[in-house]
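I'd like to go over a predicted model; first the sequence, then the structure.
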Amino acid sequence: MALRSILICGLPESGKTTFLAALWHLLTADSSHTQMRLEKLGQGDIKHLNALAKRWREAKEQIHTEQSAGSLVSMHLLGQNNAPLCLTFPDLSGESFQGFWETRDCSTKVASIMHGSEGAMLFINANRVRAARTLIGVASLSRQAGMPLPEGEGIKWAPTFAPTQVQLVDLLQHLSVPPLKLKSRRLAIVLSAWDKAEGELLKPNAYFSAHLPLLQQYLDSNIHGWDWIVYGISAQGGLYLNEKHTNRYTKDELQQIENLRGLDDPSTRIRVVSEKQVSNDLTEPLVWLMR
Amino acid sequence: MALDPITAQSNGIPELQCINVACSYAADKKCVENHPIPGCPYLQTPKSVKQEEKEELVLLSSGECLNTDQCLSVQRSGKSRVLAIIGPSDSGKTSLIASFYDLFQFSLVQDFGFSGSRTLFDFERACHTSRSASAHSQPAMGHTPFSPSGVKYYQLGVFERDSRQCIDFLIADRNGEDYSGLVDDAGSISEFAELQRADSITVLVNGEKLLNNVERHNVVQEIKLILQRLQESEVISRRQRLVVVLTKLDALSAADDLVSARARSDFQGLVTYIRSRFDNLFCEIHDFEVAASPKTDILPYCYGIASLIPIWSKVPGFFDSTEDNSQSTTRSFDKFGRTGEA
């Protein structure tokens, strides 16, 4: 059986763990057609995956991945030609990747995971892209809205202020050269929370180009030879419950959560949008990466 | 592997905690999701204890400006252009460099796209004073921090969309005081390695100071003396290009018409002087007007910077003047209703 490893990367709260939860549910429920299927549960520890999928089915937000936890999860799958394949994903926290940018280091454990990865899924929360906002842009908007110009003493620069696309270019640059160079430069970009982005009526490529132009230019330049594709994925299908803040939900929002729970087949919550088609097949990006 | 809390405690390991906020394990030792104990994937060693376990770290590239050796290494690895941005303090060097990078945050720039940077961290730092995250009410002046070696280099990778060729721009930056010191003391010029290495020497003329009756003559004179010093010291060769840039154009646009026209006339007079006096020193001389980080929205952010890129990207001596889309003073003012002031 072929052993393959895919890196799942992205900044904090970009949807990495939710994807794993929904994928594991989709494969184990076996209620929808998928390009890859579950071969067997296998001998390994699937406690982590089962726990994630359980919360996903309950429409509860995933518990934040601890920075040092970094569970390695394995799935025994059948590929398109029924060839068995053991696919391994590290469930690393977003802070592990944010540390590349902010503190310019990573743990040796994370580095060793990078070396073994043949391709990567880069998760970007489409609803939380921090853009480079200029002072005069904000001033102009304030004036148009008839609001007073913001007054401030000034805040010292911190790396965390950097726009999302800058941090992601930096991340991909790190993954292109030693000491974190990936085995293969295939990259599936996942715009997560796609249900929140669909209001703009753009396809994933157009959305990516409109909201992350610097990252797109970097990939287009082909300087590091990335072979890439963009998907819009809604792995949750809507609002999930954060148990820490249950009192912050409106009645309407709580009803939306109940409606999701009320779907007969939870797999139908999932939406995977590519340039060509819409499906609920979360294995589609994996098949593309394994090509 | 899930930890067994009883074994853990008997081995002196601190009591485990559940990271699920909805779980009351700490009080009743039961899992809210009915996972067996041991076996619950959310039962973990407390964070405070984990932090004490020191992990071995792999250091990554700093993302900060390059030194001269690192700059040479980039030059050896492919097509590059070295830009020396020179000018006295407050002439807008940091703003110009930051806005050159920041332009690509929003879209392709003419036929050019961003292809990467080894100095992203320092570029972002340099952009901060123009960004809303700085919480200033208007863009503040950036200042080149002191560098022990004097010069440091930003690196910006750019690709030409049509030719698919990548160019590494290496943009030399140093304190404005260093350039002012050059006028007083010829002895230090050998330390200005970037001047010999530069494909384009870009001299900044502070437009805001040209508006000031007290400072205007000093601004012009200081630029003349810097160029004279370069000529006498023979660090410049005929294969280099000179770009003279009027900065802080927004201040001129906001000023009284007569004062603004006088400042423009001062700048044009300086350009005319440079063209006649130093024509034999450089293979090309260009002039531009920019507002890299305007203080108001009278001009757009990065105004005029895009026009510099086609010039900077070409090998000196090979720039086709028919491609020159630089903005002459008259044209840029036409756009803002100031025609006839030249």
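Thanks, I have the structure now.

and the gap between residue A:28 and residue B:101?
Applying C-beta to C-beta, to the nearest Å, the value for residue A:28 to residue B:101 is 47 Å. Placement of C-beta: from N, CA and C, glycine included.

Show me which of the two is the more surrounded one.
The neighbour comparison of residue A:28 against residue B:101 (other C-beta atoms under 10 Å in any protein chain shown) goes to residue B:101, with 27 against 15.

Secondary structure element holding the most centrally placed residue in chain A?
Nearest to the mean C-alpha position of chain A, by C-alpha atoms, centre = their mean, lies residue A:123 at 2.6 Å. In the assignment (DSSP states H and E), residue A:123 maps to strand A:119-125.

which outside residues touch that strand?
Contacting residues not belonging to strand A:119-125 are listed as A:6-11, A:13-16, A:19, A:164, A:168, A:171-172, A:175, A:182, A:184-193, A:212, A:285, A:289-290 [C-beta atoms under 8 Å, 6 or more residues apart in numbering or on different chains].

Quick one: mean pLDDT over it.
Averaging pLDDT along strand A:119-125 gives 95.

Sort out which residues of the helix or strand just after that strand are buried, please.
Reading on from strand A:119-125 to the C-terminus, the next helix or strand found by DSSP H and E is helix A:135-144. Within helix A:135-144, the residues scored as buried using 16 or more other C-beta atoms under 10 Å in any protein chain shown are A:135-140.

hmm, helix A:135-144 in reach of chain B?
Yes - using C-beta under 8 Å from any C-beta of the partner chain, helix A:135-144 reaches chain B at A:135-140, A:143.

Can you name the next helix or strand after that helix?
Assigned by DSSP H and E, the successor of helix A:135-144 is helix A:164-174.

these two touch, right, residue B:290 and residue B:244?
No - with contact defined as C-beta atoms under 8 Å, residue B:290 does not reach residue B:244; the gap is 11.2 Å.

So for these two, which sits in the more crowded spot?
residue B:290 (29 against 21).

excluding its backbone neighbours, what's nearest that one?
residue B:304 (3.6 Å; C-beta to C-beta, 6 or more residues apart in numbering or on different chains).

backbone phi and psi for the one you found, please?
Backbone torsions for residue B:304, taken as degrees, to the nearest 10, come to phi 80, psi -10.

Repeat that for residue A:191.
phi -90, psi 100.

which residues sit in contact with it?
Counted by C-beta under 8 Å, 6+ apart, residue A:191 has contacts A:124, A:126, A:197, A:204, A:207-208, A:230-233.

In strands, which of those residues fall?
Residues of the contacts of residue A:191 located in strands (DSSP state E): A:124, A:230-233.

and which of the residues you listed is nearest to residue B:182?
Of all the ones in strands among the contacts of residue A:191, residue B:182 sits closest to residue A:124, with 47.0 Å by C-beta to C-beta.

Tell me how far the closest one lies from residue A:95.
Residue A:124 is 16 Å from residue A:95, by C-beta to C-beta.

and the two? which has more neighbours close in?
Neighbour count, other C-beta under 10 Å: between residue A:124 and residue A:95, residue A:124 has more, with 24 against 15.

Please give the number of neighbouring residues around residue A:30.
Residue A:30, neighbours per other C-beta under 10 Å, totals 11.

and the nearest residue to it once chain neighbours are set aside, what element?
Counting by C-beta to C-beta, 6+ apart, residue A:30 lies nearest to residue A:38, which is 6.8 Å off, once chain neighbours are set aside. Secondary structure assignment for residue A:38, by DSSP H and E: strand A:37-40.

Please look at residue B:252 and residue B:262 and confirm they touch.
No - with contact defined as C-beta under 8 Å, residue B:252 does not reach residue B:262; the gap is 9.9 Å.

ok, those two, which is more surrounded?
Neighbour count, other C-beta under 10 Å: between residue B:252 and residue B:262, residue B:252 has more, with 29 against 18.

any idea how far that one is from chain A?
16 Å (C-beta to the nearest C-beta, to the nearest Å).

mind listing what that residue touches?
Taking C-beta under 8 Å, 6+ apart as the test, what residue B:252 contacts is B:207-208, B:210-211, B:246, B:260, B:263-264.

can you confirm it is in a helix?
Yes - judged by DSSP: H, G, I helix; E, B strand; the rest coil, residue B:252 forms part of a helix.

Excluding chain neighbours, what is closest to it?
The nearest residue in space to residue B:252 (C-beta to C-beta, 6+ apart) is residue B:260, at 4.6 Å.

mind listing what's buried in stretch A:72-82?
A:73-79.

swap that for stretch B:245-262, sorry
B:245-253, B:255, B:260-262.

Helices of the chain, start to end?
No chain was given, so I picked chain A. A:16-29, A:47-57, A:94-102, A:108-116, A:135-144, A:164-174, A:194-197, A:204-211, A:213-221, A:251-262, A:284-290 (DSSP state H).

if you could check chain B rather than the one you did, that'd help
B:5-10, B:25-28, B:47-52, B:68-77, B:93-102, B:120-127, B:176-184, B:193-197, B:207-210, B:216-233, B:249-254, B:257-277, B:308-313, B:329-334.

Would you mind finding the most buried of those helices?
Using mean count of other C-beta atoms under 10 Å in any protein chain shown, the stretch among the helices of chain B with the largest mean neighbour count is helix B:93-102, at a mean of 26.

if we look at the sheet, which residues does the residue nearest to the centre of chain A bridge to?
residue A:10, residue A:190 (DSSP bridges).

Make sure residue A:167 is actually in contact with residue A:101.
Yes - in this structure, residue A:167 is within contact of residue A:101 by C-beta under 8 Å, at 4.6 Å.

Export the buried residues of stretch A:72-82 as JSON lines, with columns for pLDDT and distance to residue B:67.
Shown next, in JSON lines, are the buried residues of stretch A:72-82 (pLDDT from 0 to 100; distance: C-beta to C-beta, whole Å):
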{"residue": "A:73", "pLDDT": "86", "distance to residue B:67": "43"}
{"residue": "A:74", "pLDDT": "90", "distance to residue B:67": "45"}
{"residue": "A:75", "pLDDT": "93", "distance to residue B:67": "47"}
{"residue": "A:76", "pLDDT": "93", "distance to residue B:67": "51"}
{"residue": "A:77", "pLDDT": "94", "distance to residue B:67": "49"}
{"residue": "A:78", "pLDDT": "94", "distance to residue B:67": "53"}
{"residue": "A:79", "pLDDT": "88", "distance to residue B:67": "49"}
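
which among these gets closest to residue A:253?
So of the buried residues of stretch A:72-82, ranked by how close each gets to residue A:253 (C-beta to C-beta), first place is residue A:73, at 30.6 Å.

Tell me the bridge partners for that closest one.
Listed by DSSP bridges, the beta-bridge partners for residue A:73 are residue A:89.

Grab the nearest non-local neighbour of residue B:309.
Per C-beta to C-beta, 6+ apart, closest to residue B:309 is residue B:112, 5.5 Å.

so how far is residue A:60 from that neighbour?
Residue B:112 is 47 Å from residue A:60, by C-beta to C-beta.

what do you get for residue A:119?
30 Å.

again with residue B:182
From residue B:182 over to residue A:60 (counting by C-beta to C-beta), the distance is 66 Å.

Repeat that for residue A:192.
17 Å.
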